[in-house]
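Colleague: Starting from these lines, generate the structure:
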Amino acid sequence: MENEIGVLARISGLFSGKSYNLNSLTVGTTEDATISRMTISLTSDDQTFEQIKKQLNRSIEVIKVIDFTDVSIHMKELMFIKISSCTQQDMIELSHIIDVFGVKMIDYDIDHVLIECVQTEQKNNDLIKLFEKVFANRFSIVRGGSVAVEAISFSER
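Modeller: The predicted model follows:
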C-alpha cells in the first residue's frame, strides 16, 4: 500500500465498518519509503474473505493484495513477556524454558525478567499456556502482529 498519512486508518476502518474481526494487523515501510507492507491475519468464511479481498483491491492506496492462504510462508510474531517476583528457583526454570523454546532473556534485575519471543503465533500461544501454569499471575505480555513472507525453498512447501 502507499505509505501516506491516513491510509492505515482508511484500511482498518474498512474492516471495522463491515464488522470484520482481525486477528492481527501489522504495518511497516519496505525498502521503498513510499510503500508500506500490511500483514493482515483474520479468520472468516470463504465468502467473507473474498469480499474483503475485493474491497482491498478497490482501495486506491492498495498497490497489491497477496493471499497467503494456500502458499508456503514464513510467519512470525514478536512477543515480550515480563515475569515479576522471580525466585532463584524461577530463574532456573526460566533458563530451561528459554532453551527449549528458543527465546531470549533481554533484560533482568534481582526479581524481574524480560523475555523476547520471535516465534509463530502457535508457539507463542504454547509459551503463554506454560507461563500460566508456572508463573500464574506474575507475568504480563505485549504482543505484536504477525508478519509473513512467501517461502523461497521447496522444502517449505
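
Colleague: What values do phi and psi take at residue 30?
Modeller: Torsion angles at residue 30 (phi, psi; degrees, to the nearest 10) stand at phi -100, psi -170.

Colleague: start at 433 instead
Modeller: With the count now opening at 433, the last piece we talked about shows up as residue 462.

Colleague: In the protein, what residue spans correspond to helices?
Modeller: Secondary structure of the chain by DSSP state H: the helices cover 439-449, 478-490, 520-533, 553-566.

Colleague: now stretch 578-589: mean pLDDT?
Modeller: For stretch 578-589, mean pLDDT is 78.

Colleague: Sorry, wrong one. I was asking about stretch 523-543.
Modeller: 95.

Colleague: Where does pLDDT dip in this protein?
Modeller: Filtered on pLDDT under 70, the chain yields the residue ranges 586-589.

Colleague: What residue in it is the furthest from its centre?
Modeller: Relative to the centre of the chain, the most outlying C-alpha is that of residue 520, 31.4 Å out, by C-alpha atoms, centre = their mean.

Colleague: Next one: it from residue 483, what distance?
Modeller: Residue 520 is 55 Å from residue 483, where distance means C-beta to C-beta, to the nearest Å. To be clear about C-beta, it is placed using only N, CA and C from the backbone, and glycine gets the same treatment.

Colleague: can you check residue 446 too?
Modeller: 11 Å.

Colleague: again with residue 535
Modeller: Residue 535 sits 38 Å away from residue 483 when distances are taken as C-beta to C-beta.

Colleague: now do residue 551
Modeller: Shown here: residue 551 relative to residue 483, a distance of 31 Å by C-beta to C-beta.

Colleague: of those two, who's got more company?
Modeller: Per other C-beta atoms under 10 Å, whichever of residue 551 and residue 483 has more neighbours is residue 551, with 17 against 14.

Colleague: wait, that one sits on residue 507?
Modeller: No. Using C-beta atoms under 8 Å, residue 551 is not in contact with residue 507, being 10.0 Å away.

Colleague: wait, what's in contact with residue 572?
Modeller: 513-514, 516 (C-beta atoms under 8 Å, 6 or more residues apart in numbering).

Colleague: So how do I select the buried members of the residues you listed in PyMOL?
Modeller: A single PyMOL command selects the buried members of those (16 or more other C-beta atoms under 10 Å):
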select buried, resi 513
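
Colleague: Make JSON lines from the contacts of residue 572 and add distance to residue 457 to it.
Modeller: JSON lines is the format used below for those (distance: C-beta to C-beta, whole Å):
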{"residue": "513", "distance to residue 457": "22"}
{"residue": "514", "distance to residue 457": "24"}
{"residue": "516", "distance to residue 457": "29"}
